[in-house]
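Participant: From the sequence below, what's the structure:
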Amino acid sequence: MDYIPPVSSSWVWRRICSVKQDIIHGFMDGKWVVQPDGYTPTGCYEWLKDSRPTIPWHNVIWNVWVIPKQQFLEWLVAQGALNTLDKLIQYGLQVENKFLLCGHAEENMAHLFFDCQYSRRMISAIQKLTGCQLPQTNSITWCATRGGSKVQQGVHVALVHGAIYRVWSQRNQCRVERVVMRPEWVAKEMVQDVKTRIKGRENLNLNVSDIGWLHQSKLM
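Facilitator: Okay, here's the model as predicted:
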């Protein structure tokens, strides 16, 4: 319990040892007093996990209907960790803050998702292709409170995440290659990604109501 990792040790090992300082509080006179059955790795993990705050957007970000790379990007968005131009300027970089996809405003996350004319056209195209109503802002609250079955909620989340991912991809492509696809084409590709994801989740034994809704939305 008194072990202190040397400064030269790896970050991973130092991080593991830092957890030990939390575990110490579960012992008294060398005995594990947190749970009546004594110490077990599983019990200790559950105890440590319960001490951490609940993340309200957990089920929205890590949703099974969303492609993993899109989940990661949305996690960055939720953390406010995307390196948009306004952030780069705050870091001290000398760059011109102009959003290239529209050229009408400064680049920040609020403008990207979805105040920009380009991203709004994409959202509009997605709604026309699927009949699903999507938010005009990147609203985790909207996704978390969306009505319908779990499948319908998950697909709506997948459409929002897909739109965010595609806008960011087009933003990067425009900055590097100085070319950008029409938002209607991008929306069509994104909806096809969602269809592919749905097809891969057919083993979830969808009920008749959800299957009918997916066919109505032209996603199956």
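Participant: Let me see the domain layout of the protein.
Facilitator: 11-50, 58-216 (automatic domain parsing).
Participant: From the opening residue of the longest one to its closing one, how far?
Facilitator: Between the start and the finish of domain 58-216 there is a gap of 29 Å, counting by C-alpha to C-alpha, to the nearest Å.
Participant: Kindly compare burial across the domains of the chain and name the winner.
Facilitator: For these, the largest average neighbour count (mean count of other C-beta atoms under 10 Å) is found in domain 58-216, namely a mean of 17. The way it works is simple: take the backbone N, C-alpha and C, and place the C-beta from them, glycine included.
Participant: and that domain, average pLDDT?
Facilitator: Domain 58-216 shows an average pLDDT of 90 in the prediction.
Participant: So residue 43 sits against residue 33, correct?
Facilitator: No - between residue 43 and residue 33 there is no contact under C-beta atoms under 8 Å: 11.8 Å.
Participant: tell me the SS of residue 7?
Facilitator: The assignment at residue 7 comes out as coil when based on DSSP: H, G, I helix; E, B strand; the rest coil.
Participant: Report the separation between it and residue 16.
Facilitator: Computed as C-beta to C-beta, to the nearest Å, the residue 7 to residue 16 distance reads 15 Å.
Participant: just residue 155 next, same as before
Facilitator: Taking C-beta to C-beta, one finds residue 155 at 39 Å from residue 16.
Participant: Next: residue 97.
Facilitator: Counting by C-beta to C-beta - residue 97 and residue 16 are separated by 41 Å.
Participant: and the domains of the chain as TSV, adding distance to residue 3?
Facilitator: Output for these, formatted as TSV (distance: least, C-beta to C-beta, whole Å):
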stretch	distance to residue 3
domain 11-50	7
domain 58-216	33
